[in-house]
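S.K.: Below is the structure, and that's it, no one-letter string:
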């Protein structure tokens, strides 16, 4: 969940670095594609398992100081 903002920054940074018509452009495009798929996978998995995770919470999440 915390990696989503980092993935967006990585996409923006790698898009600015890549030069046109070079080997690094192809590699950069592959990295961008993989990162987009990874981001989509994270969002879908968070959406699917959020309800399951919340249902398993019982009692106080931390003990209050006395």
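M.R.: Alright, I've got the coordinates. Remember, it's a predicted structure, so these values are computed and weren't measured experimentally.
S.K.: how much space between residue 13 and residue 51?
M.R.: According to Cβ to Cβ, to the nearest Å, residue 13 and residue 51 sit 34 Å apart. For the C-beta atoms, the positions are set from N, CA and C on the backbone; glycine is no exception.
S.K.: Apologies, that question was intended for residue 38.
M.R.: 22 Å.
S.K.: so residue 36 makes contact with residue 11?
M.R.: Yes: using Cβ atoms under 8 Å, residue 36 is in contact with residue 11, at 7.3 Å.
S.K.: Please identify which of the two sits among more neighbours.
M.R.: Between residue 36 and residue 11, counted using other Cβ atoms under 10 Å, the more crowded position is residue 11 (16 against 12).
S.K.: quick check: mean pLDDT across the strand or helix carrying residue 33?
M.R.: In this assignment (DSSP states H and E), residue 33 forms part of helix 23-55. Helix 23-55 comes out with an average pLDDT of 82.
S.K.: So which other helices or strands are in contact with that helix?
M.R.: helix 4-17 (3 or more Cβ pairs under 8 Å, 6 or more residues apart in numbering; DSSP states H and E).
S.K.: who does the helix it packs on touch, helix- and strand-wise?
M.R.: Partner elements for helix 4-17 (3+ Cβ pairs under 8 Å, 6+ apart): helix 23-55.
S.K.: still on that earlier bit, list residues touching both of residue 36 and residue 11?
M.R.: Listed contacts common to residue 36 and residue 11 are nil; contacts here mean Cβ atoms under 8 Å, 6 or more residues apart in numbering.
S.K.: before we move on, the earlier item: mind listing what's buried in the helix holding residue 33?
M.R.: 28, 32, 35, 39 (16 or more other Cβ atoms under 10 Å).
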